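Chemist: 3D model of this:
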Amino acid sequence: MGFLRGRGREVNPPAQYGPSVPRPFSELIETGPSSALESLARHARVPDDARERLLRLDTALIQAGQYLADRGITGVDAYEVAQIRDDFAPSAVNAYLGLPPGTAGTAVLMDEMTGAQLLVRELDLLLSAVDQLVARAGEVGQTRLRAHHRFVEEKYGARPTDLEL
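Modeler: Predicted structure coming up:
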């Protein structure tokens with residue numbers, strides 16, 4: 001049974017997604033790619049656990065970049081965030097994609113790990129590095145807040161009432 005559309009032609013209704021009709025991969029990620037890392041995450045050969053980490057890394061890098069920019073931090077930390085985003089993470093995925101498809105997840109490459117395991121390990125290291133960069137940048141803000149609190153407390157805080165002249 002179909003629907004009648006213009007000029008009396010019968011058109012079949014679109015298939016309903018479910019267990020027997022899988023959703024196309026292009027619809028699994030809600031919007032089009034917004035970054036190089038998100039584009040790499042869409043590659044069919046990227047393992048699911050690496051894809052999840054790659055998307056987490058992309059989000060962490062965007063948030064870290066915004067956090068550093070909001071605080072006017074443009075030094076080494078900002079450079080490292082950009083380097084991880086533009087060089088290290090894409091290079092890791094592209095190196096994995098350079099492995100033969102049949103052996104990328106089975107052949108042992110180093111330290112009893114397959115290419116897929118090495119990729120996941122490298123993405124975990126990069127995620128940890130981004131967390132450390134943000135924590136280090138946060139320490140600057142914490143130090144400023146503590147110093148400001150001491151200043152305000154000394155200037156306007158409670159004063160001893162037993163002072164005599």
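
Chemist: ok, residue 136 touching residue 77?
Modeler: Yes. If you go by CB atoms under 8 Å, residue 136 and residue 77 touch, sitting 6.4 Å apart. The C-beta positions use only the backbone N, C-alpha and C, and glycine is treated the same way.

Chemist: More neighbours: which of the two?
Modeler: Legend: neighbour count by other CB atoms under 10 Å for residue 136 and residue 77, higher for residue 77 (19 against 13).

Chemist: tell me the SS of that one?
Modeler: helix (DSSP: H, G, I helix; E, B strand; the rest coil).

Chemist: Show me where the protein has its helices.
Modeler: For the chain, the helices defined by DSSP state H cover 36-41, 48-70, 76-83, 89-97, 115-156.

Chemist: same question for the fourth one, mean pLDDT?
Modeler: Model confidence over helix 89-97, given as mean pLDDT, is 95.

Chemist: same check, this time on the shortest one
Modeler: Per-residue pLDDT values across helix 36-41 average out to 91.

Chemist: Mind giving me the packing neighbours of that helix?
Modeler: helix 48-70, helix 89-97 (3 or more CB pairs under 8 Å, 6 or more residues apart in numbering; DSSP states H and E).

Chemist: okay, these in TSV with mean neighbour count next?
Modeler: Output for these, formatted as TSV (neighbours: other CB atoms under 10 Å):
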stretch	mean neighbour count
helix 48-70	17
helix 89-97	18
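
Chemist: Quick check: residue 106 vs residue 115, distance?
Modeler: Per CB to CB, to the nearest Å, residue 106 is found 9 Å from residue 115.
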